[in-house]
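**Q** my questions are about this predicted structure, shown below with the sequence.
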Amino acid sequence: MIFVCAGSFDPVTNGHIDIIERASILCDKLIVVVLKNSVKIPTFTLDDRLDLLRRVLGHLPNVEIDHYAGLLVDYMKLKKARVIVKGLRAVSDYEYEMQMAHINKTQYPEVETLFMTASINYSYLSSSFVKELARNGGNIDFFVPSIIKDLILGKLKDTGGN
Ligand code: PNS
């Protein structure tokens, strides 16, 4: 079975990696797809986000990385995949994710959204907080793999911290 883990990954964090590693054990193939979130302006370019994902997910043989410009449901149809995997952190994620799961089902009734609970260590982590810490000289060691830490810090410097 193919699972699809969709997000903006701006940038990928240990929280995403935790969900991807755990979900990849449950399926034959897991596709990590970078999509557009219409309410967020990304900090990192699409190429940078894909590069960071490739650097931190290379150890997972059944994980593919992709990107798509349209609706997640259309991507699911294209890939003949029916399972969307989402990580749920706190109650605050719940309403938004439920809404999206129901909207997606109206467009593609065969699609199922599988929610996985974020590990307790990462249940308060978000890409936005990583960026805020990084921009202001905070320590991001606990939140992103060491192999991409300097890239993230460097890119934020390049963009003037935006
Ligand atoms: O990591 P994010 O930003 O919470 O991920 C949200 C994302 C990108 C998965 C979501 O915005 C999305 O599915 N975007 C693609 C367009 C789409 O299908 N929207 C949902 C129905 S309107």
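**A** That came through, no problem.
**Q** residues of the longest helix out of those in the chain that come out buried?
**A** Looking only at the chain and at elements set by DSSP state H, the helix with the highest residue count is helix 91-107. Of the residues in helix 91-107, those with enough neighbours to count as buried (16 or more other C-beta atoms under 10 Å) are 93, 97, 101, 104. Placement of C-beta: from N, CA and C, glycine included.
**Q** tell me the contacts of the first one?
**A** Asp93 sits next to no residue when contact means C-beta atoms under 8 Å, 6 or more residues apart in numbering.
**Q** spell out which residues of this protein are next to the ligand.
**A** Counting by C-beta under 6 Å from any ligand atom, the residues of the chain lying close to the ligand are 6-8, 35-37, 40, 71-72, 100, 103.
**Q** which SSE is immediately downstream of the longest helix of the chain?
**A** Once the chain leaves helix 91-107, the next helix or strand it forms, by DSSP states H and E, is strand 112-117.
**Q** what is the helix or strand just after that next one packed up against?
**A** Reading on from strand 112-117 to the C-terminus, the next helix or strand found by DSSP H and E is helix 127-135. Packed against helix 127-135, as judged by 3 or more C-beta pairs under 8 Å, 6 or more residues apart in numbering; DSSP states H and E, are the following elements: helix 146-158.
**Q** swap the cut-off to 10 Å and go again
**A** Packing partners of helix 127-135 (3 or more C-beta pairs under 10 Å, 6 or more residues apart in numbering; DSSP states H and E): helix 14-24, helix 146-158.
**Q** quick check: which of those is buried the most?
**A** Of all the helices and strands packed on helix 127-135, helix 14-24 has the most neighbours on average by mean count of other C-beta atoms under 10 Å, namely a mean of 20.
**Q** tilt between it and helix 127-135?
**A** Helix 14-24 runs at 140 degrees relative to helix 127-135, counting by axes from the mean of the first three to the mean of the last three C-alpha atoms, to 10 degrees.
**Q** so for helix 14-24, mean pLDDT?
**A** For helix 14-24, the per-residue pLDDT values average out at 97.
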